[in-house]
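Student: pasting the sequence and the predicted model now:
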Amino acid sequence: MNVINLQNVSKSFKRKHVIKPTTLKIEEKKIFGLLGPSGCGKTTLIKLIVGMLKADLGEITVLDRQVPNASLLREIGYMAQSDALYTALTGEQNLEFFAKLFGFSKSERKERIQYASTIVQLTKDLNVPVSSYSGGMKRRLSLAIALIQDPKILILDEPTVGIDPLLKKSIWTELERLKDEEGKTIVITTHVMDEAEKCDHLAMMRDGEIIATGKPLEIKAHYQVQNFDDVFLKIGGGL
Amino acid sequence: MRTLALVNRIIQQLRKDKRTLALLFVAPLLVLTLMYFIFDSETSELKLVVTDMNERVIEILEESEFEIFKEDYYSIEQMTKDKVDGWLQNDEDEMVLTLLNDQPSRSSAVKMLLAQTLSAGNMAANPSIDTEYIYGNEETKIFDIFSPMLVGFFVFFFVFLIAGIALLNERTSGTLERLLATPIKRYEIVAGYVVGYGLFALVQTIIVVLYSVHVLDIVLEGSIWLVLLINILVAFVALSLGTLLSSFASSEFQMVQFIPLVIVPQVFFSGIFPIDGMAEWLQQLGKIMPLYYASNALNGVMYKGFTFSDITLELFVLFIFAIVFISLNIISLKKYRSI
């Protein structure tokens, strides 16, 4: 079953085509990766799916509901590229604030904060102001906020940028667990090739266009290459 | 050499920042022009109403620089309505001069000119003139007139800047975007800002007003509750205008740049400087400025002892300003989320 459907979606800013007409289906309970160099339109595509931006043309549906739709915001956990945290507040206050925006009761909030902070291993640092967090801790808190409302879909924009390899690995383990045990659909963007390998499905983007889709192995087999860099090279123009 | 590299980089950066450049070169001209019109304008003629006065005196007065109005019957109510500076009448053998005194400088000008005119006309032998004041008294200082306006100004200034920068931070740090990825409604964000910062603005207003009145002994003829009410409205206008303008700024630096454009011109038109001698079209300019209404109302309540019914127009206009700015805020958030 497809939870996210894009039908001929396009978007321009000031006459520049950021997203050329794109059709894309994202399956339920899979990790879907958007791979492509910086500036290829990954973030724009993601914002279109979340409903932050409105498509010029085409149709987007998420969970069979047309985007933009206020009720969908509850089902989508979104983590932007920047950490976007209130640095003067503690980790717990940040989580509490976002939990309140989703209208949880006090006991539910406590439970959700506990759940989200355990996943990202921040329970011990919850009472420390975010301004004294390390870069990795901020990313983890950011991920915890995306998880706070227990969304069916997680949309993560470059979740592992600037994170050390160890933490990166633990975040990936967690993403896989969220997919397998909690049945979440996860969409992530990345420009790192080794992360692309770990996705169940991939869409490779360049210049606002999806140039290849499929399982990582299928794509490699189709283009007869060893790694994804070569796919971009093979299709032409290089990165 | 390294210094030159730095100089070069600064030039490159500033050339890119057209707004800062424009501000650097054009804003002083704007402010200077305003000051030119305000300080260069001649004080308008002193208006004096005369009742029940002998012909001789009237003759002398008409030759003077006063703008004289002869009336058969006149009253204090009429005087405040017409905004004449003085009213000279005969009370038995004595001359009584009633001064409006809404601007102490004009009152002393009236007194001085009257004494000069009468003594020049050889009327020195005349019985002494008894002077009465409608607003304030002979001790009224210029500070009494513009301190009410200053109270409103500081409330406006700080709330404008702090709320504007706060929302700006929320925009630049990405938290606003994240906020809008939750089911929160756009009006809920604006309402949150208005109430959240409004609370602090309220506390600030209370502190400023109480300090001005009780410690600095600024005149307060009317009700302190009205003063608080006006300032709360001022705070809301400043809050909503600050957050609205923050969407046109990309840094704190650019937010501060609004001061000469938004704050300074309002100060010129808010009653610190007399503007009644200015060109009519320039005076009209004041009527689009929130602080113009705020200072009218504050001056009215604190100095002239106005009651609620005297300042309903000003309160209403301030309220409309706030509503308009708040609505524009809600609309402008569409930039971040289409619904």
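Tutor: Yep, it's here.

Student: which residue packs closest to the closest residue to chain A within the stretch 51-200 of chain B, ignoring adjacent ones?
Tutor: Closest residue of the stretch 51-200 of chain B to chain A, CB to the nearest CB: residue B:174 (3.5 Å). Placement of C-beta: from N, CA and C, glycine included. Here the nearest residue to residue B:174 in space, its sequence neighbours aside, is residue A:84; by CB to CB, 6 or more residues apart in numbering or on different chains that works out to 3.5 Å.

Student: what does chain A put close to chain B?
Tutor: Proximity of chain A to chain B, by CB under 8 Å from any CB of the partner chain, involves residues A:50-54, A:68-71, A:73-74, A:76, A:78, A:80-87, A:98, A:101-103, A:145, A:149.

Student: in terms of helices and strands, where is the residue most central in space within chain A?
Tutor: Central residue check for chain A by CA atoms, centre = their mean: the C-alpha nearest the mean position is that of residue A:156, 1.8 Å away. With the criterion set as DSSP states H and E, the secondary-structure element containing residue A:156 is strand A:153-157.

Student: direction included, what does that strand pair up with?
Tutor: Using DSSP bridges, the neighbouring strands of strand A:153-157 in the sheet come out as strand A:76-79 (parallel), strand A:185-190 (parallel).

Student: contact residues of chain B facing chain A?
Tutor: Going by CB under 8 Å from any CB, the residues of chain B near chain A are B:173-175, B:177-185, B:336-339.

Student: out of those residues, which is most surrounded?
Tutor: Ranked by neighbour count (other CB atoms under 10 Å in any protein chain shown), these have residue B:181 at the top, with 26 neighbours.

Student: would you map out the domains in chain A?
Tutor: When chain A is parsed with automatic domain parsing, its domains come out as A:1-75+A:168-239, A:85-150.

Student: could you dump those to JSON lines with mean pLDDT, distance to residue B:14 and mean neighbour count?
Tutor: Compiled in JSON lines, the domains of chain A are given as follows (pLDDT from 0 to 100; distance: least, CB to CB, whole Å; neighbours: other CB atoms under 10 Å in any protein chain shown):
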{"stretch": "domain A:1-75+A:168-239", "mean pLDDT": "87", "distance to residue B:14": "25", "mean neighbour count": "18"}
{"stretch": "domain A:85-150", "mean pLDDT": "91", "distance to residue B:14": "29", "mean neighbour count": "18"}
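
Student: please report how far residue B:279 lies from residue A:209.
Tutor: Relative to residue A:209, residue B:279 is positioned 61 Å away (CB to CB, to the nearest Å).

Student: tell me the domain ranges of chain B?
Tutor: Looking at automatic domain parsing, the domains of chain B come to B:47-133, B:142-335.

Student: right, so of these, which gets closest to residue A:6?
Tutor: With CB to CB as the criterion, residue A:6 lies closest to domain B:142-335 of the domains of chain B, at 18.3 Å.

Student: distance from the chain centre to the closest one, please.
Tutor: On the basis of CA atoms, centre = their mean, to the nearest Å, domain B:142-335 is displaced by 11 Å from the centre of the chain it belongs to.

Student: measure stretch B:38-47 end to end?
Tutor: For stretch B:38-47, the first and last residues are 20 Å from each other (CA to CA, to the nearest Å).

Student: same check, this time on stretch B:110-130
Tutor: End-to-end distance of stretch B:110-130 (CA to CA): 13 Å.

Student: mind listing the helices for chain A?
Tutor: Listed in chain order, the helices found in chain A under DSSP state H are A:42-50, A:91-101, A:106-119, A:135-147, A:165-182, A:193-198, A:216-223, A:228-235.

Student: same list (those helices) but as CSV, adding distance to residue B:305.
Tutor: As requested, the helices of chain A are exported to CSV (distance: least, CB to CB, whole Å):
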stretch, distance to residue B:305
helix A:42-50, 57
helix A:91-101, 46
helix A:106-119, 50
helix A:135-147, 54
helix A:165-182, 68
helix A:193-198, 73
helix A:216-223, 81
helix A:228-235, 78
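
Student: which of the ones you listed sits closest to residue B:161?
Tutor: Nearest to residue B:161 among the helices of chain A is helix A:91-101; the distance by CB to CB comes to 24.2 Å.

Student: circling back: how about the domains of chain A in a markdown table, adding distance to residue B:270?
Tutor: As requested, the domains of chain A are exported to a markdown table (distance: least, CB to CB, whole Å):
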| stretch | distance to residue B:270 |
| --- | --- |
| domain A:1-75+A:168-239 | 40 |
| domain A:85-150 | 34 |
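
Student: so which of the ones you listed is nearest residue B:167?
Tutor: Counting by CB to CB, residue B:167 lies closest to domain A:85-150 out of these; the figure is 13.2 Å.

Student: the helix or strand hosting residue B:23 - contacts with which helices or strands?
Tutor: Secondary-structure element containing residue B:23, defined by DSSP H and E: helix B:18-40. Counting contacts by 3 or more CB pairs under 8 Å, 6 or more residues apart in numbering or on different chains; DSSP states H and E, helix B:18-40 is packed against helix B:2-16, helix B:252-256, helix B:264-268.

Student: ok now it, how far from the chain's centre?
Tutor: In terms of CA atoms, centre = their mean, the gap separating the centre of helix B:18-40 from the centre of its chain is 19 Å.

Student: now that helix and helix B:2-16, what's the angle there?
Tutor: For helix B:18-40 against helix B:2-16, the angle by axes from the mean of the first three to the mean of the last three CA atoms, to 10 degrees is 70 degrees.

Student: residues making contact with helix B:18-40?
Tutor: By CB atoms under 8 Å, 6 or more residues apart in numbering or on different chains, the list of residues contacting helix B:18-40 from outside reads B:14-15, B:253-254, B:257, B:260-261, B:264-265, B:268, B:273, B:275, B:278-279, B:282.

Student: do the same with stretch A:91-104
Tutor: With CB under 8 Å, 6+ apart as the test, stretch A:91-104 has contacts from A:74, A:85-86, A:89, A:108-109, A:112-113, A:116-117, A:122, A:125-128, A:130, A:133, A:137, A:141, A:144-145, A:148-149, B:178-179, B:182-184.

Student: partners of the helix or strand following the helix holding residue B:23, with directions?
Tutor: Once helix B:18-40 ends, the next helix or strand along the chain (criterion: DSSP H and E) is strand B:47-51. For strand B:47-51, sheet partners with direction are given as strand B:67-71 (parallel), strand B:86-91 (parallel), following DSSP bridges.

Student: tell me which of these sits most buried.
Tutor: With neighbours defined as mean count of other CB atoms under 10 Å in any protein chain shown, the strands paired with strand B:47-51 peak in mean count at strand B:86-91, which reaches a mean of 19.
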